[in-house]
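>>> what follows is a predicted protein model with its sequence.
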Amino acid sequence: MSGFTAGDWERAADHLATAEITNVINTLRDGEKTAIVKIARLYARKTSYGHEDLLQEAYCRVLDGRRGWLRGVPAVLFFHGVIRSIAWEWKAEFTSEEIDIGDEGAGERGTHAKIDVMKILALFDDDPTARKIVLGMMDGARGEELQESSGLNPTEYESKRKKIRRRIEKLA
């Protein structure tokens, strides 16, 4: 008896095996590789590490099984999520090292800021593209960089920006 239930086998079948992942990585088109590197550069700005470190860590976590890759998810989209997750993790480590102990109100302000961020992100639960743009804005990305990372053309991007602005104004 292997210890796996029917549900475990079903979930495992939904994820790519290591050999499949290796094959997908080795057959990435130049455009996909470029997009993944751009994503890593975008998120590396918010950490104390370089984009190469983010890429290497993303590949390591995927290949050693710490990050499961659901079947059917495109490579660029998948690695965007992995890289973003690692960057947020590293950003949290980086910012926690820089906290000024002498600021008595910092903890309370940080708690309020986290609640506000959660409220803002919740506004876009129905629109993953808008949510992605908002997260990019929170990471400090601007203009063309946000448009490229969202995959929208200029008209679609401006439309999303208006939608984002209107929803945030309603929250305020």
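Ah, there it is. Only a predicted model underlies this, so the values are computations on that prediction, with no experimental measurement involved.

>>> may I have the phi/psi pair for A17?
Per-residue torsions, A17: phi -80, psi 160 (degrees, to the nearest 10).

>>> and for it, the neighbour number?
Applying other C-beta atoms under 10 Å, we find 13 residues neighbouring A17. (Glycine included, C-beta is placed from N, CA and C.)

>>> and for the spatially most central residue of the chain, nearest residue in space, chain neighbours not counted?
The centre of the chain sits closest to R84, judged by C-alpha atoms, centre = their mean, with a distance of 2.8 Å. In space, and not counting its chain neighbours, R84 is closest to Y43: 5.9 Å by C-beta to C-beta, 6 or more residues apart in numbering.

>>> my read is the one you found is in a strand, agree?
No. Under DSSP: H, G, I helix; E, B strand; the rest coil, Y43 falls outside any strand and is assigned helix.

>>> tell me which helix or strand the residue nearest to the centre of the chain sits in.
Per DSSP states H and E: R84 is located in helix 75-97.

>>> contacts for that helix, please.
Contact with helix 75-97 is made by 24-25, 28, 32, 35-36, 39-40, 43-44, 46-49, 54-55, 57-58, 61-62, 67, 69-70, 135, 139, 149, as judged by C-beta atoms under 8 Å, 6 or more residues apart in numbering.

>>> in helices, which of those residues fall?
Members of the contacts of helix 75-97 lying in helices (criterion: DSSP state H): 24-25, 32, 35-36, 39-40, 43-44, 54-55, 57-58, 61-62, 135, 149.

>>> distance check, Y49 against N23.
Here the criterion is C-beta to C-beta, to the nearest Å. By it, Y49 lies 28 Å from N23.

>>> again, but for L63
As for L63, its distance to N23 is 12 Å (criterion: C-beta to C-beta).

>>> likewise for I83?
Using C-beta to C-beta, I83 is found at 20 Å from N23.

>>> more neighbours: the two, which one.
Shown here are I83 and N23; by other C-beta under 10 Å, I83 has more neighbours (24 against 11).

>>> residues near D126, how many?
Residues lying near D126 (other C-beta under 10 Å) number 8.

>>> what sits against it?
Counted by C-beta under 8 Å, 6+ apart, D126 has zero contacts.

>>> which secondary structure element is home to it?
Using DSSP H and E, no helix or strand contains D126.

>>> adjust the sequence numbering to begin at 662 for everything that follows.
Got it, first residue is 662 now, which makes that one D787.

>>> much appreciated, bye for now.
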